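Q: need coordinates for the following:
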Amino acid sequence: MSLLELERLKEYSFELAESWIRPTSEILSHSLLLRLMRNCPWNLCKFCECYKGKKFEYRSVKEIKEDIDAVKAISDEINVLAKKLGGMDWVAKVINSYFLYDKNSNELEQNELQNLYNVAIVFNWLCFGASTVFFQDSDSLIMHTSDLVEVIKYLKQKFPSIERITSYARAKTIVEKNLEELIEICKAGLSRLHIGLESGDDEVLRYINKGVNSEECILAGKKAMKAGFELSEYVMPGMGGRDKSEKHAKNTARVLNEINPDFIMMRPFVPRKGTPLFEEYEKGNFQLTSPHERLREIKIFIEDLKVKSRVCFDQPVMNSWHRDSSRRYPLFRPDSNGYKFPEEKDEVLKTIELGLAIDESVHIHAKDLINQRF
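A: The predicted model follows:
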């Protein structure tokens, strides 16, 4: 094996979003990240910091295909090395030692550093079966249907091992796509959509400037599932603040009962610096719920849920947890398959009661997480 073979790996690059935001399930399955657009076409939600000050841009099919070709070239080079060296373990040792030297070099240019990350991502993806892909950034369905289908088919042609392709999507975009287009996209291979519902209460949705109402959320969810997609809907306990807590819980459950998605993902609200909602929180115009108040809100929500779904608390940092002098303990089971409803609904309600029995002073408050990144 020559130095030239290792250097060749650095010749290939593909674009990644500045922030690797993706669902926990895609982190755990070591999904390949493939950027279909830059930033968010809406970008007006009062609680979101991800794309503030960043212009939305489409990427061309040509650009995206070139990125897929780069991934293919990197994977081919890695597979050749694996055969020469006797397996991926040896490749890992050689690449790590070689690239670690480069990474620590003061002369390393930014684009070379990006190429190292590209290699690491593809290597990791190959080690875990090269079976899942996540489309960045915020709403791949906003692409022209023919363009999106062309990208998906090209990707699956280059990598027949792919079993699941997932993406974030806006409810508004799904409402505006006709059903036949959604079916075509799903049949091409985009298999799971992640939608930020946040709340099913129209007053809360208007307040956070979500750009969609509850009936549109229901229509989008039903339409996505009718087209054949697996559907994950994201809920933000605490998003209604203290004054709208119960309405937020009940109406969110109402919307989800209508949709009956495959997954309900719990993402409790934490105010993020630089957002309009953080400014309102700092001024005292938005009152955060306390840990026990938030649990009682979740209890109302769970009690009203009548779904056949997986309810997931898969981000333990954000979901309810407590601490003692040396450790932190998640209250809910923090896995991406979550609790099966209705079978495990009682278990979730009992867990909430256990949390309410723990002194509130040892629970983690949402305000304690403001400066944390997750």
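Q: what's stretch 273-283 in contact with?
A: For stretch 273-283, the external contacting residues (Cβ atoms under 8 Å, 6 or more residues apart in numbering) are 46-49, 52, 208-209, 271-272, 286, 288, 370-371. C-beta here means a position set from N, CA and C on the backbone, and glycine is covered the same way.
Q: got a ChimeraX select line for the buried ones in these?
A: Buried members of these, defined by 16 or more other Cβ atoms under 10 Å, are picked up in ChimeraX with:
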select :47,48,208,271,272,286,288
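Q: of all the contacts of stretch 273-283, which two lie farthest apart?
A: For those, the farthest-apart pair by Cβ to Cβ is 209 and 371; their separation is 24.2 Å.
Q: can you put the contacts of stretch 273-283 in JSON lines and add distance to residue 143 and secondary structure?
A: JSON lines is the format used below for these (distance: Cβ to Cβ, whole Å; DSSP: H, G, I helix; E, B strand; the rest coil):
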{"residue": "46", "distance to residue 143": "26", "secondary structure": "coil"}
{"residue": "47", "distance to residue 143": "25", "secondary structure": "coil"}
{"residue": "48", "distance to residue 143": "21", "secondary structure": "coil"}
{"residue": "49", "distance to residue 143": "24", "secondary structure": "coil"}
{"residue": "52", "distance to residue 143": "23", "secondary structure": "coil"}
{"residue": "208", "distance to residue 143": "26", "secondary structure": "coil"}
{"residue": "209", "distance to residue 143": "24", "secondary structure": "coil"}
{"residue": "271", "distance to residue 143": "32", "secondary structure": "coil"}
{"residue": "272", "distance to residue 143": "28", "secondary structure": "coil"}
{"residue": "286", "distance to residue 143": "35", "secondary structure": "coil"}
{"residue": "288", "distance to residue 143": "37", "secondary structure": "coil"}
{"residue": "370", "distance to residue 143": "34", "secondary structure": "coil"}
{"residue": "371", "distance to residue 143": "35", "secondary structure": "coil"}
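Q: any idea how this structure splits into domains?
A: Domain ranges of the chain: 1-169, 193-374, per automatic domain parsing.
Q: ok, which of these comes nearest residue 182?
A: domain 193-374 (3.6 Å).
Q: the closest one: how far from the chain's middle?
A: Put simply, domain 193-374 sits 15 Å off its chain's centre (Cα atoms, centre = their mean, to the nearest Å).
Q: pLDDT on that domain, on average?
A: Throughout domain 193-374, pLDDT has a mean value of 94.
Q: strands of this structure, start to end?
A: 32-35, 37-38, 57-58, 132-136, 164-169, 190-198, 230-235, 263-266, 310-312, 321-323, 328-330, 339-340 (DSSP state E).
Q: so residue 186 makes contact with residue 231?
A: No - shown here, residue 186 and residue 231 do not form a contact pair, counting by Cβ atoms under 8 Å, at 11.0 Å.
Q: comparing those two, which shows the higher neighbour count?
A: A count of neighbours by other Cβ atoms under 10 Å puts residue 231 above the other of residue 186 and residue 231, at 24 against 19.
Q: which ones are touching that one?
A: Neighbouring residues of residue 231 by Cβ under 8 Å, 6+ apart: 192, 193, 195, 221, 224, 225, 259, 261, 262, 263.
Q: ok, the fifth one - how many residues close by?
A: Burial of residue 224, expressed as a neighbour count using other Cβ under 10 Å, amounts to 26.
Q: please name the residues that touch it.
A: 169, 174, 182, 193, 195, 231.
Q: how close does the third one get to residue 134?
A: The reference is to residue 182. Relative to residue 134, residue 182 is positioned 19 Å away (Cβ to Cβ, to the nearest Å).
Q: with the fourth one instead?
A: Relative to residue 134, residue 193 is positioned 11 Å away (criterion: Cβ to Cβ).
Q: who are the contact partners of residue 74?
A: Taking Cβ under 8 Å, 6+ apart as the criterion, residue 74 is in contact with 9, 12, 118, 119, 122, 123.
Q: neighbours of residue 212, how many?
A: Residue 212: 23 neighbours (other Cβ under 10 Å).
Q: so it is in contact with residue 173, correct?
A: No - applying Cβ under 8 Å, one finds residue 212 not in contact with residue 173, separated by 9.7 Å.
Q: distance of residue 267 relative to residue 124?
A: Noted for residue 267: a distance of 25 Å to residue 124, by Cβ to Cβ.
Q: more neighbours: the two, which one.
A: Neighbours were tallied for residue 267 and for residue 124 using other Cβ under 10 Å; the higher tally belongs to residue 267 (21 against 14).
Q: now render the strands of the chain as a markdown table, adding distance to residue 66.
A: Listed next are the strands of the chain as a markdown table, based on distance: least, Cβ to Cβ, whole Å:
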| stretch | distance to residue 66 |
| --- | --- |
| strand 32-35 | 12 |
| strand 37-38 | 15 |
| strand 57-58 | 15 |
| strand 132-136 | 16 |
| strand 164-169 | 18 |
| strand 190-198 | 20 |
| strand 230-235 | 29 |
| strand 263-266 | 33 |
| strand 310-312 | 35 |
| strand 321-323 | 43 |
| strand 328-330 | 42 |
| strand 339-340 | 42 |
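Q: list just the one of the ones you listed that sits closest to residue 82.
A: For these, proximity to residue 82 was assessed by Cβ to Cβ; strand 32-35 is nearest, at 17.5 Å.
Q: any idea how far the closest one is from the chain center?
A: Strand 32-35 sits 12 Å away from the centroid of its parent chain (Cα atoms, centre = their mean).
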